[in-house]
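Student: Take a look and give me a structure for this.
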Amino acid sequence: MFELAHPWALALLALPLLMRLLPAYKESRDSVRVPFFDKLVALSERRPETGAMVLQRDRAQQFLVSFTWLCLVVAAAKPQWIGQPLEQQKSGRDLMIAVDLSGSMETRDFTLPDGTSVDRLEAVKYVLARLADQHASDRLGLIVFGNAPYLQSPFTDDHAVWAQLLADTQIGMAGQSTAFGDAIGLAIKLFRESNSDNRVLIMLTDGNDTGSMVPPVDAAKVAASEAIRIYTIAIGDPASVGEEALDIDTLQRISEITGGRYFQALDQQELLRAYRTVGELEPELYETISFRPRQSLHWVPVSAAMSLYLLYHALGAWRSWRREAAANAS
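Tutor: Alright, predicted model coming up:
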């Protein structure tokens with residue numbers, strides 16, 4: 001489809017008409033008086049005239065000037081060709097994963113499908129790799145927390161890089177404690193910096209909050225005000241005591257406040273089912289962007305004017321050369 005980006009520029013087409021209202025350009029020239037003027041007039045067979053003489057362009061010049069002005073005005077209006085609508089799909093949700101790296105995560109009470117006994121962190125990595133495949137349209141982020149929360153990966157569409165950063169995590173690299181509430185606070189800060197309106201936080205822990213500056217429930221209330229849904233997954237032994245004891249009531253309260261859900265995973269199958277349930281509750285979400293490609297055609301009228309201008313003067317030079325050649329031949 002053809003369209004003018006600046007159609008108002010076509011009003012300039014009327015500008016030459018205003019030139020007719022201006023007085024004619026006058027130029028004085030020197031003259032020579034000769035005593036035999038009458039004889040020169042008789043020999044030239046021309047009738048003498050008095051007063052000003054207005055030079056007139058020939059038809060070719062008039063057409064060239066008019067056509068050039070038309071081309072320049074059309075170019076200023078910026079003609080463009082608009083193609084068919086194209087649609088692109090982009091990530092429709094920001095999904096942040098927060099993983100507990102406290103010392104208790106080294107407990108080897110999980111078994112992979114091949115029968116290998118692994119610690120809790122390895123089990124989490126195994127299942128998260130499948131979660132990334134299940135949410136291919138989401139932008140994923142990764143927070144690790146222990147004594148304090150740390151950003152391991154900002155929101156990204158590159159799930160391969162995200163998976164590699166997850167694989168590089170190690171137990172204790174963030175400290176031995178569990179700053180659960182502060183991890184929620186860091187996630188809230190990161191969500192505020194994103195442009196997505198659909199925000200989900202999945203938190204995995206095998207202990208209770210042992211040193212956050214912000215209580216987890218208070219942080220959850222702020223998250224709820226920011227429209228962030230939190231899914232909590234407890235992967236520890238509910239019978240544990242001390243710092244490793246699971247605060248199930250707090251985890252459930254956090255999910256209820258933010259509109260998420262609480263899961264408890266005592267083994268590999270329960271952990272996998274928890275992630276599958278999250279995937280069902282948060283199906284893939286796409287945002288479609290439609291646009292029409294635009295190709296500027298302003299160069300077409302400019303090229304036409306330049307071509308006609310060069311052709312006109314080339315023909316003029318050729319005619320002058322022919323006349324000179326004919327004069328020399330005679």
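Student: make it CA atoms for all contacts and neighbour counts henceforth
Tutor: OK.
Student: Domain map for the chain?
Tutor: Taking automatic domain parsing as the domain assignment, the record places the domains of the chain at 1-19+56-84+293-330, 93-289.
Student: Mind putting the ones you listed into a markdown table with mean pLDDT, distance to residue 34 and mean neighbour count?
Tutor: Shown next, in a markdown table, are those (pLDDT from 0 to 100; distance: least, CA to CA, whole Å; neighbours: other CA atoms under 10 Å):
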| stretch | mean pLDDT | distance to residue 34 | mean neighbour count |
| --- | --- | --- | --- |
| domain 1-19+56-84+293-330 | 85 | 28 | 14 |
| domain 93-289 | 81 | 84 | 19 |
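Student: Please report the distance of residue 312 from residue 13.
Tutor: Using CA to CA, to the nearest Å, residue 312 is found at 22 Å from residue 13.
Student: In TSV: the domains of the chain, plus distance to residue 44.
Tutor: Listed next are the domains of the chain as TSV, based on distance: least, CA to CA, whole Å:
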stretch	distance to residue 44
domain 1-19+56-84+293-330	21
domain 93-289	79
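Student: Helices along the protein, start to end?
Tutor: For the chain, the helices defined by DSSP state H cover 15-19, 37-44, 59-76, 120-134, 159-167, 180-193, 216-225, 248-258, 268-281, 299-329.
Student: if we look at stretch 271-285, which residues are touching it?
Tutor: 91-93, 124, 127, 131, 134-138, 231, 233, 235, 263-265 (CA atoms under 8 Å, 6 or more residues apart in numbering).
Student: Only alpha carbons, please: show that stretch as PDB.
Tutor: The C-alpha trace of stretch 271-285 is given here as PDB (Å, rounded to 0.1, in the frame of the first residue of the first chain):
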ATOM      1  CA  LEU A 271       9.100 -32.300  43.400                       C
ATOM      2  CA  LEU A 272       8.500 -33.100  39.700                       C
ATOM      3  CA  ARG A 273       4.700 -33.100  40.300                       C
ATOM      4  CA  ALA A 274       5.000 -29.700  42.000                       C
ATOM      5  CA  TYR A 275       6.700 -28.200  38.900                       C
ATOM      6  CA  ARG A 276       4.200 -29.800  36.600                       C
ATOM      7  CA  THR A 277       1.300 -28.300  38.700                       C
ATOM      8  CA  VAL A 278       3.000 -24.900  38.500                       C
ATOM      9  CA  GLY A 279       3.200 -25.300  34.700                       C
ATOM     10  CA  GLU A 280      -0.500 -26.100  34.500                       C
ATOM     11  CA  LEU A 281      -1.400 -23.100  36.700                       C
ATOM     12  CA  GLU A 282       0.900 -20.900  34.700                       C
ATOM     13  CA  PRO A 283       0.600 -22.100  31.100                       C
ATOM     14  CA  GLU A 284       2.800 -20.600  28.400                       C
ATOM     15  CA  LEU A 285       1.900 -17.000  27.700                       C
END
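Student: How far away from the center of its chain is it?
Tutor: 29 Å (CA atoms, centre = their mean, to the nearest Å).
Student: what do you get for stretch 205-219?
Tutor: 37 Å.
Student: And stretch 32-47, by the same measure?
Tutor: Distance, centroid of stretch 32-47 to centroid of chain: 79 Å (CA atoms, centre = their mean).
Student: For residue 39, which of the domains of the chain is the nearest?
Tutor: domain 1-19+56-84+293-330 (27.1 Å; CA to CA).
Student: Tell me what the nearest residue to residue 186 once chain neighbours are set aside is bridged to.
Tutor: Nearest residue to residue 186 in three dimensions, chain neighbours excluded: residue 149, at 7.0 Å (CA to CA, 6 or more residues apart in numbering). Under DSSP bridges, the beta-bridge partners of residue 149 are residue 145.
Student: shouldn't residue 149 be in contact with residue 182?
Tutor: Yes - taking contacts as CA atoms under 8 Å, residue 149 lies within contact range of residue 182: 6.3 Å.
Student: Can you lay out the helices of the chain as a markdown table showing distance to residue 153?
Tutor: Formatted as a markdown table, these follow (distance: least, CA to CA, whole Å):
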| stretch | distance to residue 153 |
| --- | --- |
| helix 15-19 | 61 |
| helix 37-44 | 96 |
| helix 59-76 | 48 |
| helix 120-134 | 14 |
| helix 159-167 | 6 |
| helix 180-193 | 11 |
| helix 216-225 | 20 |
| helix 248-258 | 23 |
| helix 268-281 | 20 |
| helix 299-329 | 47 |
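Student: Could you give the bridge partners of residue 86?
Tutor: residue 291.
Student: Neighbours of it, how many?
Tutor: By the criterion of other CA atoms under 10 Å, residue 86 has 10 neighbours.
Student: Next one: residue 69 from residue 303, what distance?
Tutor: 13 Å.
Student: same deal with residue 26?
Tutor: Taken as CA to CA, the span from residue 26 to residue 303 is 34 Å.
Student: Ok, residue 163 next?
Tutor: 54 Å.
Student: try residue 194
Tutor: Residue 194 is 46 Å from residue 303, by CA to CA.
Student: just residue 153 next, same as before
Tutor: Taken as CA to CA, the span from residue 153 to residue 303 is 52 Å.
Student: Right, I'll leave it there.
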